[in-house]
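Chemist: Structure, please.
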Amino acid sequence: MNPDLLTLITNIEARRPLAADAPVSAFHADPGNSHRQIYRNRNAKLGIDFAVDVLDFPGTQAFDARVVRIAAGCNNELHKHAHESLFYVISGTAEVRIGEATLTLNPGGLAFVPRWVFHQSKNLSKTDELVILAITDFGLTKAVLGDYDKRTRLAAGGADVLDHV
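Modeler: Residues are numbered from 1 along each chain as shown. Okay, the predicted model is just below:
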């Protein structure tokens with residue numbers, strides 16, 4: 001069994017909190033502020049201009065919280081990945097493509113993206129940044145598959161992206 005998955009299962013079975021010594025302030029984050037950036041992509045030709053920050057909460061193993069910021073009039077790339085995602089629009093208006101469906105989300109709007117489904121978010125504003133809180137199960141999926149994101153979205157021509165027509 002994958003050692004990361006075994007660690008995750010062992011920690012669940014131990015029935016102990018993983019962050020018992022963390023201060024209460026470590027369990028709070030303001031998604032409006034900048035956090036640790038894990039991804040940035042700009043491609044003027046394709047209208048791509050966005051960044052992804054991660055909210056580093058102590059003790060998280062199965063999921064993570066990410067803040068996606070998309071510049072005015074831009075979008076992220078059409079992509080897919082192994083983790084599930086919940087998108088919550090904090091500010092701005094988003095057009096979210098999930099498979100062949102397209103949703104328009106205003107602040108407070110929520111959308112679910114299943115594993116391995118192509119999706120893309122577009123900022124419909126020509127003047128204001130779009131800010132989305134994305135809750136994913138990246139930690140769980142990484143424990144099962146290893147660091148798959150390096151082979152897919154984060155890699156130019158990643159293996160799991162090439163099969164999209």
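
Chemist: in this structure, which helix has the most residues?
Modeler: helix 3-13 (DSSP state H).

Chemist: so after that helix, what's the next helix or strand?
Modeler: Per DSSP states H and E, helix 3-13 leads on to strand 36-43 as the next helix or strand towards the C-terminus.

Chemist: Can you show me the strands along this protein?
Modeler: Secondary structure of the chain (DSSP state E): strands at 36-43, 48-55, 64-70, 85-91, 94-98, 101-105, 110-113, 119-123, 130-136.

Chemist: returning to what we had before: report all helices and strands that the longest helix of the chain contacts.
Modeler: Applying 3 or more CB pairs under 8 Å, 6 or more residues apart in numbering; DSSP states H and E, one finds that helix 3-13 makes contact with helix 138-145. To be clear about C-beta, it is placed using only N, CA and C from the backbone, and glycine gets the same treatment.

Chemist: Can you point out the buried residues in the helix it packs on?
Modeler: The neighbour-count check on helix 138-145 (16 or more other CB atoms under 10 Å) flags 138, 139, 140, 141, 142, 143, 145 as buried.

Chemist: ditto for stretch 21-35
Modeler: Buried residues in stretch 21-35, counted by 16+ other CB under 10 Å: 29, 31, 35.

Chemist: Let me see the mean pLDDT of that stretch.
Modeler: Throughout stretch 21-35, pLDDT has a mean value of 84.

Chemist: So what touches that stretch?
Modeler: By CB atoms under 8 Å, 6 or more residues apart in numbering, the surrounding residues in contact with stretch 21-35 are 19, 53-59, 65, 67, 90-91, 131, 133.
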